[in-house]
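Asker: What follows is a predicted structure for the sequence shown.
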Amino acid sequence: MQIEKQLQDLTRLQWSRIRHSSGTAGSFLKAQEEIDGVKMYYKLSNYNIVEGIIGHECVNEILVDRLLDYLNFPHLQYRLIHAKILVNTKEYITYICASEDYKEKGESKTAMDLFYEMEMKKGETPYDFCQRMGWEEQVIQMLTIDYLILNRDRHGANIEVLRNRNKKTTRLAPLFDHGLSLVFQCLDDNALERIDVLEDKVVQAFLGTHSVAKNLQLIPMEKRIKLPSFDETFHKNLFADLEGIISKQRMDKIWEMITKRADQYENISNQR
């Protein structure tokens, strides 16, 4: 079940603070535990000690999860859980994200920026490096989805390299961590009307520049992905079971963003 609306008591979880990487107010809290030998990771939306849980990043993970499924891009699977939790001894009822450890037995993970620094050839760009490593298809998928959702946070640690030294294998981790995307900066619905869904905001992007639009230019014309139609069936599936979790106004703005950016992506992809 991707969305669990029945309230679960997860007050046992111990949350640690990860500072918001873009420097805005708030923190992201994470927790983990092992269940029947499987390591589980949990994420909380943007939180501050005065207002409590103020963000919608966990819902974004589910929305992008569904979009990635539709595009058939490999990615980490998330679940959205209605949970009672404790943060700083205060109880909250909220929705949190859960995911399983994606490492296979014997694998260790390294942030892409560190791996690139260790293994790059002189003068090799991050994109060229990934191409040499055989990861170009995954990188193209990553650049494409990051444009569609305006992902602000694809820094070098949000791309991971998985290595098995015994088997001498190296692979990219599936796409993960898409919370800082879509209209995440709107903490209430009143701000949604002011959003320009085609605006090219400054982003963190290890592969490329601070512009998701300019980063599409890294993809050779013949390798750019043809997007499927975002029709009403997909619209229904994208927002299924999210009524009462986010507002209709937020759903409408997110749909506007995805569809208009998809149209703009096609325009950019047809430019030589």
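Answerer: That came in fine, so what should we check first?

Asker: In the stretch 151-272 of the chain, where is pLDDT below threshold?
Answerer: Low-confidence segments of the stretch 151-272 of the chain, defined by pLDDT under 70: 272.

Asker: residue boundaries of the helices in it?
Answerer: 212-215, 232-238, 248-269 (DSSP state H, counting those that start in this stretch).

Asker: Likewise for the stretch 1-150 of the chain?
Answerer: Going by DSSP H, counting those that start in this stretch, the stretch 1-150 of the chain shows helices at 57-71, 112-119, 126-133, 136-149.

Asker: ok, the top strand by length along the chain: who's next to it in the sheet?
Answerer: Using DSSP state E to define each element, the chain has its longest strand at strand 90-100. Here strand 90-100 has these sheet partners by DSSP bridges: strand 38-43 (antiparallel), strand 79-87 (antiparallel).

Asker: Would you mind listing the buried residues in that strand?
Answerer: 92, 94-99 (16 or more other C-beta atoms under 10 Å). (Glycine included, C-beta is placed from N, CA and C.)

Asker: who's in contact with it?
Answerer: For strand 90-100, the external contacting residues (C-beta atoms under 8 Å, 6 or more residues apart in numbering) are 7, 10-11, 38-45, 52-53, 57-59, 61-62, 76-86, 176, 179, 245.

Asker: quick one on the thing from earlier: identify whichever of the strands paired with strand 90-100 lies nearest to residue 1.
Answerer: Smallest distance to residue 1 across these (C-beta to C-beta): 7.1 Å, for strand 79-87.

Asker: returning to what we had before: could you dump the helices of the stretch 151-272 of the chain to CSV with distance to residue 133 and mean neighbour count?
Answerer: Shown next, in CSV, are those (distance: least, C-beta to C-beta, whole Å; neighbours: other C-beta atoms under 10 Å):
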stretch, distance to residue 133, mean neighbour count
helix 212-215, 18, 20
helix 232-238, 33, 13
helix 248-269, 24, 17
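
Asker: do you know which of those lies nearest residue 200?
Answerer: helix 212-215 (4.7 Å).
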